[in-house]
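Colleague: Sequence and predicted structure are below.
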Amino acid sequence: MSSILGAEYCSFTMRKFLIDTDTASDDAVAMCMALRHPDIEVVAFTVVAGNVPLDQAVQNALYTVELCGETTPVYVGADRPMLRDLTTAMEVHGDDGMGDQGLDLQGRTPAEGWAPQVIIDTIRAHPGEITLVPIGPLTNVAIASLMAPDIAEKVERVVIMGGTGEHGPGNVSPSAEFNFFVDPEAVRVVLRSGMPLELVGWDVSTSSAVVTAERRAEILALDTDIAKFSIAIQATLGSFAWDETRLAGPDFPDPIAMAHAIDPSPATSEFLGVDIAIGPDPMRGTMIVDHFGFGQIAKNATIVGHYPEDAFFDMLLDLLST
Ligand code: RIB
Ligand code: CA
């Protein structure tokens, strides 16, 4: 969303976000947050296979951009992890990834260009200005980093939804969060890239971003199209939360990661050494954190330990209110 005042009246520069997504029900809400924020220009969405196969994720992203009344370009990226078969999560987000609500999620056309190259070109064109927000598996970001290592010192921030944070359990295996599980090799490439990484793990979502019945009522009371959309598409995620992860409603990992990207000030975080287990199962995708600085893992990422629930929902309600 461009500023309502228009560039000639603005004394500030719109912040530029580039969002990499495996668009499903929580990604879509995070996308709406960024598109609705008056100080943020979403320069592009790049899409990666994850929650759903690539083509569906692309269509879901295009639908969400259109729902928000924007024309932000959506680019196609990797249709599978770097070295593995694709693991999807339709059992969590629905066969279409958007809660199987019968939405018209076909027939829209993505922009010309390949996502990893778009990530490289965008960061190089705006050195020091791009906040890269990966909210799916890190395949596109890893490929971009391997193709163009120089982007590490040109990107302003990289705010990743991924991992289990400081002490969290997994959501796809006992110790692995989905985005890190799908493509652990890509995670290791990114962790060793030198990029300014900020990790918002699933533990932050389960502690501060669960859409309980009360929060659901607050969002629906906004009575806007994107508020109703944001709740309706969580139908499958809500069932998964109740039945599998014992939460009091669907949780919003990508939206709370987006909140941190938008405003990191309420967060508690620490700069630590982080690595990832490549395998074998059941270790695949497990995040390894050097909490006490033993030194085997060089410090490489800021891990968010806490993001206050009220700060998150206050921002979410504000951004879904129009
Ligand atoms: O583990 C949660 C993450 O996996 C979120 O990004 C969700 O959209 C799925 O991609
Ligand atoms: Ca996601």
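Modeller: Perfect, thanks for sending it. Just so we're clear, the structure is a prediction, and the values are computed from it rather than from any experiment. Ligands and ions are numbered 1, 2, ... in the order given.

Colleague: Read off the pLDDT value for Gln296.
Modeller: According to the prediction, Gln296 has pLDDT 93.

Colleague: how close does it get to ligand 2?
Modeller: Here the criterion is Cβ to the ion, to the nearest Å. By it, Gln296 lies 30 Å from ligand 2. To be clear about C-beta, it is placed using only N, CA and C from the backbone, and glycine gets the same treatment.

Colleague: show me the contacts for the closest residue to that residue other than its chain neighbours.
Modeller: Excluding the flanking residues, the one nearest Gln296 by Cβ to Cβ, 6 or more residues apart in numbering is Asp290, at 6.6 Å. By Cβ atoms under 8 Å, 6 or more residues apart in numbering, the residues touching Asp290 are 272-274, 296-297, 299.

Colleague: State the distance from Asp290 to Val159.
Modeller: Per Cβ to Cβ, to the nearest Å, Asp290 is found 21 Å from Val159.

Colleague: low-confidence ranges in the stretch 101-250 of the chain?
Modeller: 166 (pLDDT under 70).

Colleague: what are the phi and psi angles of the one residue in it that gets nearest to ligand 1?
Modeller: Relative to ligand 1, the nearest point of the stretch 101-250 of the chain is Phe178 (3.6 Å; Cβ to the nearest ligand atom). Main-chain dihedrals, Phe178, degrees, to the nearest 10: phi -60, psi -50.

Colleague: from memory it sits against Thr164, does it?
Modeller: No - using Cβ atoms under 8 Å, Phe178 is not in contact with Thr164, being 10.5 Å away.

Colleague: that older thread, among the contacts of Asp290, which lie within strands?
Modeller: Counting by DSSP state E, the contacts of Asp290 place 272-274, 299 in strands.

Colleague: From those residues, pick the one nearest Gly113.
Modeller: Within the ones in strands among the contacts of Asp290, the smallest distance to Gly113 is 30.8 Å, found for Val274 (Cβ to Cβ).

Colleague: In this structure the closest one contacts Ile297, no?
Modeller: Yes - in this structure Val274 lies within contact range of Ile297 using Cβ under 8 Å: 6.6 Å.
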